[in-house]
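Enquirer: Structure of the sequence below:
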Amino acid sequence: MKYRDKIEILAQILESASGHRVRLTKIMYYTLLPHSMTKECLALLIEKGLIKYLDGEKVFTTTEKGLNFLRIHNRLQELIPLPGKQQKGKEIEIFSYL
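Expert: Purely as a prediction, here's the structure:
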């Protein structure tokens, strides 16, 4: 498994709950995170208003603000590919764009 930074992990959590009502276990499986780290990340996302917890149903769902974050994150991933990522069969150097 590749190294993921915190922003990538948060984006994956938001992606797992976007348009769905998902339980904690489903988020853990989707992101491949342990329980403690998943709960820590969810607490941060709730605090920032990017995801909400529906207590009666015990599910999480991404807010409009969270969906906006995902759109921006995905657009940045397209504009600035990370070094070593494959695109159209060739390695892309981030500095080739500078």
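Enquirer: tell me the SS of residue 4?
Expert: On the three-state scheme (DSSP: H, G, I helix; E, B strand; the rest coil), residue 4 is labelled coil.
Enquirer: Strands along the protein, start to end?
Expert: Along the chain, counting by DSSP state E, strands occupy 51-54, 59-62, 86-87, 90-91.
Enquirer: Could you check how many residues crowd around residue 35?
Expert: 10 (other CB atoms under 10 Å). In short, each C-beta sits where N, CA and C put it, glycine included.
Enquirer: which residues touch the closest residue to it other than its chain neighbours?
Expert: In this structure, residue 35 finds its nearest non-sequential neighbour in residue 28, 6.3 Å apart by CB to CB, 6 or more residues apart in numbering. Taking CB atoms under 8 Å, 6 or more residues apart in numbering, we find residue 28 in contact with 34, 35, 38.
Enquirer: any chance of the residues you listed in CSV, with distance to residue 10 and pLDDT too?
Expert: Putting the contacts of residue 28 into CSV (distance: CB to CB, whole Å; pLDDT from 0 to 100) gives the following:
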residue, distance to residue 10, pLDDT
34, 16, 95
35, 17, 96
38, 11, 96
